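> Attaching a predicted model along with its sequence, questions to come.
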Amino acid sequence: MTPTRREFLGTAALAAAGLRPGQAAARRPNLLYVFSDEHRGVSMPGQQFNEAYTPNLERFASQGMTFTNCTSNYPVCSPYRAILMSGRWPYQTGIIDNAIQLSPNEVSLGETFRRAGYRTGYIGKWHLSPGDEGGVFIPKGPNRMGFEDWHVWAHTNQHYDTSFTFNPDTGEKIQPKGYNATLMTNQGIDFIERHRSEPWMLMISWNPPHPNYRDAPPDQTKRYDADALKFRPNVGLGSGPNPQITERLRENFQGYYGHISAVDAEFGRLMKKLDETGQADNTIVVYSADHGDMMGSHGYGGKRLPWEESCRVPFLLRCPGVAAPGSKASGLFSAVDIYPTMCGIAGVPVPGHCVGRDLSAAVRGQDAGFPESSFLMHIQKTHASGGERNPAPLFRGVRTATHTYAIAWNGRWCLYDNREDPYQVHNLIEDAGRAKLRSELDGVVLDWLKKAHDPFPYESLRKERSPLSRAV
């Protein structure tokens with residue numbers, strides 16, 4: 001009998017992974033990629049000054065590998081998602097801000113897994129098409145970027161009752177009642193149940209803990225006494241628009257942590273379903289986020305900034321029988337590396353268009369060849385909260401194993417030694433003793449600009465002292 005296209009592509013993927021077709025059922029892993037919105041890495045288990053109650057994530061971390069230095073190259077919703085989905089840089093895809101359509105000509109992560117014989121699904125916030133959070137029905141075809149099961153949600157920033165999705169076949173608007181992360185998880189559980197007999201790849205994108213902070217589930221919010229919360233040492237410092245601890249900030253933290261605990265509970269439901277259906281040992285699971293949230297650090301809220309609270313994100317991975325339980329990978333790992341690394345872990349051939357690195361060797365306990373720096377950026381804020389009035393400067397920069405460095409639109413901006421100053425309180429941009437280091441980092445930034453086809457006017461800015469440098 002002539003094999004179907006799906007069977008042929010699946011056999012090719014198995015060959016690339018060193019497997020025989022007869023081994024498919026036993027050895028071919030599913031992939032469940034779960035990411036929330038604005039869950040920063042510093043608000044994860046084991047981080048100082050973190051008070052979020054997350055027993056499921058803590059348990060999950062003990063079962064697999066934690067990438068301790070995962071960064072969002074462009075800490076904004078749509079640009080991050082385009083990097084994740086395409087494996088390419090913003091100026092290569094055109095997604096340089098929110099509310100821009102990702103071209104269906106991009107060979108997405110979903111499409112790559114579909115071609116390799118996987119049943120593919122996407123649930124939750126999309127934010128890669130025009131409209132409010134991508135709230136536009138996308139009929140079957142290339143605009144779904146290779147995802148066969150399609151449940152995209154819109155109006156997700158209000159977390160109760162106002163979010164809506166579509167019938168994936170007819171486009172009929174569906175607006176169920178409840179907490180949207182729970183509703184999305186229900187769809188994920190249904191997908192896992194229905195496709196247990198075939199290899200699958202599912203992405204779930206929750207909106208919480210993205211604001212609105214005030215509508216976190218009450219049973220989770222009540223875990224936290226707003227007046228007793230402890231803050232990171234850089235909260236209430238800096239020259240951002242809100243350089244003080246206020247009652248509103250305390251209430252925001254209470255809701256932020258409440259949402260994180262709610263997301264943790266939903267993650268626990270997914271893990272339980274994998275156990276119940278006998279798929280836990282054959283499923284690669286990832287928990288991550290698109291970017292962080294400043295939450296008052298350096299006087300800022302939101303994201304679009306080079307500081308740890310904005311750009312460092314969680315990345316937990318469980319790959320039974322491969323990733324050592326409780327292990328950590330401290331090498332630099334960023335959004336642009338996720339696409340090829342997911343392919344590498346699953347045994348799916350990495351497409352040639354991916355510009356990041358396949359770092360899956362680290363999961364197997366081998367030398368992965370981690371990069372020496374991660375590229376950071378904020379390109380445009382036309383579609384930011386407040387538009388051009390958004391206080392986050394445009395910049396390009398890098399994060400190395402030891403330092404964070406950024407050049408703003410009007411010159412050198414900030415330099416931090418992250419070993420000696422983990423809360424990035426002391427800006428070394430004018431420190432005479434760091435002149436050689438600044439010059440070296442200038443070269444690193446220039447190399448990244450060339451690789452990313454980025455027209456940032458580096459040469460005209462790097463020698464000038466930024467007026468922002470004294471204030472930040």
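Received it, and whenever you're ready, just let me know what you need.
> any chance you could map the helices in the stretch 351-472 of the chain?
Under the criterion DSSP state H, counting those that start in this stretch, the stretch 351-472 of the chain contains helices at 435-451, 458-461.
> Show me what the first one is packed against.
It stands for helix 435-451. The contact analysis (3 or more C-beta pairs under 8 Å, 6 or more residues apart in numbering; DSSP states H and E) places helix 435-451 against strand 373-378, strand 395-400, strand 403-408, strand 411-417, helix 458-461. C-beta: built from backbone N, CA, C; applies to glycine.
> how about it as PDB, C-alpha atoms only?
Extracted in PDB, the C-alpha atoms of helix 435-451 (Å, rounded to 0.1, in the frame of the first residue of the first chain):
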ATOM      1  CA  ALA A 435      36.100  51.300  28.900                       C
ATOM      2  CA  LYS A 436      37.700  48.200  27.300                       C
ATOM      3  CA  LEU A 437      34.700  46.100  28.200                       C
ATOM      4  CA  ARG A 438      32.300  48.600  26.600                       C
ATOM      5  CA  SER A 439      34.300  48.600  23.400                       C
ATOM      6  CA  GLU A 440      34.200  44.800  23.300                       C
ATOM      7  CA  LEU A 441      30.500  44.700  23.900                       C
ATOM      8  CA  ASP A 442      30.000  47.300  21.200                       C
ATOM      9  CA  GLY A 443      31.600  44.800  18.800                       C
ATOM     10  CA  VAL A 444      29.300  42.100  20.000                       C
ATOM     11  CA  VAL A 445      26.200  44.200  19.400                       C
ATOM     12  CA  LEU A 446      27.400  45.100  15.900                       C
ATOM     13  CA  ASP A 447      27.900  41.400  15.100                       C
ATOM     14  CA  TRP A 448      24.300  40.700  16.200                       C
ATOM     15  CA  LEU A 449      22.900  43.600  14.200                       C
ATOM     16  CA  LYS A 450      24.600  42.200  11.100                       C
ATOM     17  CA  LYS A 451      23.300  38.700  11.700                       C
END
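> Would you mark the buried spots in stretch 210-222?
Using 16 or more other C-beta atoms under 10 Å as the test for burial, stretch 210-222 gives 210, 211, 212, 213, 215, 216, 217, 220, 221.
> cool, and stretch 259-278?
Within stretch 259-278, the residues scored as buried using 16+ other C-beta under 10 Å are 259-268, 270-271, 273-274.
> Take those and keep only those in helices.
Counting by DSSP state H, the part of these found in helices is 259-268, 270-271, 273-274.
> Closest to residue 440 out of these?
The shortest approach to residue 440 among these belongs to residue 260, at 37.5 Å (C-beta to C-beta).
> ok, now how distant is that closest one from residue 292?
Residue 260 sits 12 Å away from residue 292, going by C-beta to C-beta, to the nearest Å.
> so what's in contact with these two at the same time?
39, 43 (C-beta atoms under 8 Å, 6 or more residues apart in numbering).
> Worst mean pLDDT among the helices of the stretch 351-472 of the chain?
With a mean of 69, helix 458-461 has the lowest mean pLDDT of the helices of the stretch 351-472 of the chain.
> ok so, going back, let's have the buried residues of stretch 259-278 in CSV, adding pLDDT and distance to residue 249.
Shown next, in CSV, are the buried residues of stretch 259-278 (pLDDT from 0 to 100; distance: C-beta to C-beta, whole Å):
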residue, pLDDT, distance to residue 249
259, 98, 16
260, 98, 16
261, 98, 19
262, 98, 20
263, 98, 21
264, 98, 22
265, 98, 25
266, 98, 26
267, 98, 26
268, 98, 29
270, 98, 32
271, 98, 33
273, 98, 37
274, 98, 38
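> With distance to residue 80 as extra columns, can I get the residues you listed in JSON lines?
Shown next, in JSON lines, are the buried residues of stretch 259-278 (distance: C-beta to C-beta, whole Å):
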{"residue": "259", "distance to residue 80": "19"}
{"residue": "260", "distance to residue 80": "18"}
{"residue": "261", "distance to residue 80": "23"}
{"residue": "262", "distance to residue 80": "22"}
{"residue": "263", "distance to residue 80": "17"}
{"residue": "264", "distance to residue 80": "21"}
{"residue": "265", "distance to residue 80": "24"}
{"residue": "266", "distance to residue 80": "21"}
{"residue": "267", "distance to residue 80": "20"}
{"residue": "268", "distance to residue 80": "25"}
{"residue": "270", "distance to residue 80": "22"}
{"residue": "271", "distance to residue 80": "24"}
{"residue": "273", "distance to residue 80": "27"}
{"residue": "274", "distance to residue 80": "26"}
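> Which two of these have the greatest separation?
With C-beta to C-beta as the measure, no two of the buried residues of stretch 259-278 lie farther apart than 259 and 274, at 23.2 Å.
> The helices and strands packed on helix 435-451: lowest mean pLDDT?
Per-segment mean pLDDT for these reaches its minimum on helix 458-461, at a mean of 69.
> Do me a favour and average the pLDDT over the lengthiest strand in the chain.
Taking DSSP state E as the criterion, the chain has its longest strand at strand 200-209. Strand 200-209 carries an average pLDDT of 98.
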